[in-house]
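Asker: Sequence and predicted model, in that order:
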Amino acid sequence: MSIIDSKGKLFGKVNIIDLLVIIMIVAVVALLGTKLLNTSGDGLGGTGQKVVYTVKVDSVEEEVVQFIQKELEKGPCQLVASGELQNGYVTKMDAVAAEKTYLTVREIPTADLTALDGAIAGKYDVVFTIEATIQDSPGNKLGSQEIRAGMTHVVKTVTFGLENGIILTVDPANAAE
């Protein structure tokens with residue numbers, strides 16, 4: 001019995017061209033799997049690097065601040081992204097009365113400028129402290145959000161969510177202690 005028969009089949013069962021196509025498909029799948037599963041140790045995140053970062057959210061309603069304070073009294077609040085729990089927790093919140101910011105006024109003859117001073121009633125600027133483990137080292141991501149100072153950030157947990165936050169600081173967890 002010959003290896004390739006008169007019809008071009010290997011051992012009389014498999015066409016050689018079909019076999020080559022199957023080998024190519026297996027090689028491509030193996031290459032893609034290696035690329036997707038291989039993570040480098042570069043970047044802030046590394047593999048499972050713990051970080052502590054702060055996020056500032058401006059002009060939060062007083063009722064929301066009070067609710068968040070009550071939630072944090074129960075313990076850290078776990079972050080959520082895309083409907084999945086993340087390996088990150090809001091551990092602390094600092095709130096200060098939001099203040100008005102104005103451009104220079106050159107001339108307003110009839111304006112009562114005393115109304116421009118002071119805090120915005122019922123609004124707070126809030127800074128969250130978040131402890132997380134970043135898994136995606138090249139992008140320093142937690143869920144779908146990049147964890148980099150200056151980036152916008154949504155602080156979303158099981159019980160509350162605030163948009164338009166700005167990441168102020170990002171430090172490895174052991175340096176923050």
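Answerer: It's in. Numbering: from 1, shown residues only.
Asker: Which residues lie in contact with Thr54 in this structure?
Answerer: By C-beta atoms under 8 Å, 6 or more residues apart in numbering, the contact list for Thr54 reads Val127, Phe128, Thr129, Ile130, Ile167, Leu168, Thr169. Where C-beta positions appear, they are placed from N, C-alpha and C, glycine not excepted.
Asker: hmm, 10 Å instead?
Answerer: 92, 94, 127-130, 149, 153, 165-171, 176 (C-beta atoms under 10 Å, 6 or more residues apart in numbering).
Asker: Drop anything exposed from the residues you listed.
Answerer: Neighbour-count burial (16 or more other C-beta atoms under 10 Å) is assigned, among the contacts of Thr54, to Val127, Phe128, Thr129, Ile130, His153, Gly165, Ile167, Val170.
Asker: In this structure the fourth one contacts Val57, no?
Answerer: Going back to what we said before, that points to Ile130. No: at 11.9 Å, Ile130 does not count as touching Val57 under the criterion of C-beta atoms under 10 Å.
Asker: Relative to the whole chain's centre, how far out is stretch 50-63?
Answerer: With C-alpha atoms, centre = their mean, to the nearest Å as the basis, stretch 50-63 stands 14 Å off its chain's centre.
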